[in-house]
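Student: Turn this into a model:
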Amino acid sequence: MASPDFIVYVLISLACLATLFGGWLVVRFLQDRASTMRYLSGLAAGYLVASTIVRVIPESLHYGGDLMAFWILGGFLLVHVIEHGITPHFHYGEESRDHFGTRMTGIMALTGLSMHSFLDGMSIMAAMHAEFTLGLLVFIGILLHRIPEGGTISSIFLVRGFGSKGALYAAGALAATALLGAFCQGTLKIPLGPVLAISAGLGLYVACADLLPQAQKEMGWKSTASLLMGILLFMAANSLLPHEQHDHQYGNDVHFEEFNAEMGHGAHNGTPGFN
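Tutor: Numbers count the residues shown, from 1 in each chain. I've put the predicted structure just below:
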């Protein structure tokens with residue numbers, strides 16, 4: 001039987017292909033036609049919100065206890081800092097030939113999105129190690145939003161004068177950083193609770209601040225329908241995939257306890273997940 005890490009790398013590779021597919025769509029068909037990507041963004045937003053609230057957040061609490069709420073908040077803020085503090089952030093469809101900017105602006109945008117992509121890879125690896133079906137659910141969410149993300153970076157590079165080949169190379173760079181993130185999580189074995197919590201914060205931010213505003217630019221009922229379809233897609237996947245029932249409210253992530261001990265905190269009596 002294939003090892004869990006091998007399965008993760010296969011899934012990450014599929015997510016990488018989705019990133020390249022989004023870039024290819026922009027290069028070949030969707031320049032100056034943002035509606036398709038916006039509807040897909042609504043679908044991905046609905047799925048990410050539902051999967052994060054229903055599955056990822058509870059699992060992060062199970063593996064790390066109440067303290068994971070602060071890690072979720074930290075993950076949310078981290079993505080905001082990456083996208084709006086460290087590098088300029090762009091959404092698909094906002095770029096145009098008359099939008100001022102230099103090639104360096106495009107490279108900085110690629111840097112920010114690559115950091116986001118790195119966290120995606122870590123998220124899939126951590127979720128798969130926590131529970132196989134959780135990993136599949138997280139993978140589907142990442143797969144859905146990788147297509148508009150690949151389209152985003154490709155559209156940025158096109159209007160910055162890198163050409164079609166440069167736009168596809170940029171999408172490929174995002175794909176590579178996702179693989180790197182999965183490799184780092186698999187090698188370093190960072191505690192599952194914090195990684196899942198950061199993943200939850202990332203998912204909420206991407207869904208609510210990046211994807212959903214794009215879908216809402218489309219007038220009428222179609223953007224709402226795309227959001228609802230994403231939620232229904234998660235509900236269907238969640239019902240079809242078996243869910244491991246935990247015997248108690250919070251579990252103990254051995255790695256997280258060791259991490260706390262190394263940091264000099266030791267066990268915290270009376271706090272779930274640290275006893």
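Student: Can you name the helix or strand that the closest residue to Q214 other than its chain neighbours falls in?
Tutor: The shortest distance from Q214 to any non-neighbouring residue, by CB to CB, 6 or more residues apart in numbering, is to S41 (4.3 Å). (Glycine included, C-beta is placed from N, CA and C.) Assignment of secondary structure by DSSP states H and E places S41 within helix 35-51.
Student: what do you get for G141?
Tutor: G141 belongs to helix 132-159 when elements are defined using DSSP H and E.
Student: L17 now?
Tutor: Here L17, judged by DSSP H and E, is contained in helix 4-25.
Student: returning to what we had before: ok, and for the helix holding G141, which residues are buried?
Tutor: By neighbour count on 16 or more other CB atoms under 10 Å, the buried set for helix 132-159 is 133-159.
Student: repeat for stretch 102-110
Tutor: Applying 16+ other CB under 10 Å to stretch 102-110 flags 105-106, 108-110 as buried.
Student: Take these and keep only those in strands.
Tutor: Secondary structure assignment (DSSP state E) places none of these within strands.
Student: so can I have a markdown table of the residues you listed showing pLDDT and distance to H84?
Tutor: Shown next, in a markdown table, are those (pLDDT from 0 to 100; distance: CB to CB, whole Å):
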| residue | pLDDT | distance to H84 |
| --- | --- | --- |
| T105 | 75 | 14 |
| G106 | 78 | 17 |
| M108 | 81 | 12 |
| A109 | 80 | 11 |
| L110 | 84 | 16 |
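Student: Now distance to L180 too, for those, in a markdown table please.
Tutor: A markdown table is the format used below for those (distance: CB to CB, whole Å):
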| residue | distance to L180 |
| --- | --- |
| T105 | 24 |
| G106 | 21 |
| M108 | 19 |
| A109 | 19 |
| L110 | 14 |
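Student: Against G74, how distant is V54?
Tutor: 21 Å (CB to CB, to the nearest Å).
Student: again but with L204, I slipped
Tutor: Separation of L204 from G74 (CB to CB) stands at 12 Å.
Student: And for L196?
Tutor: Per CB to CB, L196 is found 13 Å from G74.
Student: Looking at those two, which is more packed in?
Tutor: L196 (33 against 15; other CB atoms under 10 Å).
Student: In contact with the more buried one, which residues?
Tutor: 56, 59-60, 63-64, 68, 123, 126-127, 130 (CB atoms under 8 Å, 6 or more residues apart in numbering).
Student: Looking at those residues, which is nearest N238?
Tutor: Among the contacts of L196, V56 lies closest to N238 (CB to CB), at 11.5 Å.
Student: The residue found closest to the closest one once you drop the neighbours it is linked to in the chain: neighbouring residues, count only.
Tutor: For V56, the nearest residue in space outside its immediate sequence neighbours is A200; the separation is 4.5 Å by CB to CB, 6+ apart. For A200, the count of nearby residues is 30 (other CB under 10 Å).
Student: Now do the same for A200: its pLDDT.
Tutor: We have a pLDDT of 96 for A200.
Student: I'd like to know how far it sits from T111.
Tutor: 24 Å.
Student: For H243, which three-state class applies?
Tutor: Here H243 is recorded as coil under DSSP: H, G, I helix; E, B strand; the rest coil.
Student: Name the nearest residue to it, ignoring sequence neighbours.
Tutor: Excluding the flanking residues, the one nearest H243 by CB to CB, 6+ apart is T133, at 6.2 Å.
Student: can you give me the helices for this structure?
Tutor: Counting by DSSP state H, one finds helices in the chain at the ranges 4-25, 35-51, 57-64, 68-80, 103-130, 132-159, 163-188, 192-205, 212-215, 222-240, 254-262.
Student: Need the residue closest to the centroid of this structure.
Tutor: Closest residue to the average C-alpha location of the chain: D120 at 4.4 Å, with CA atoms, centre = their mean.
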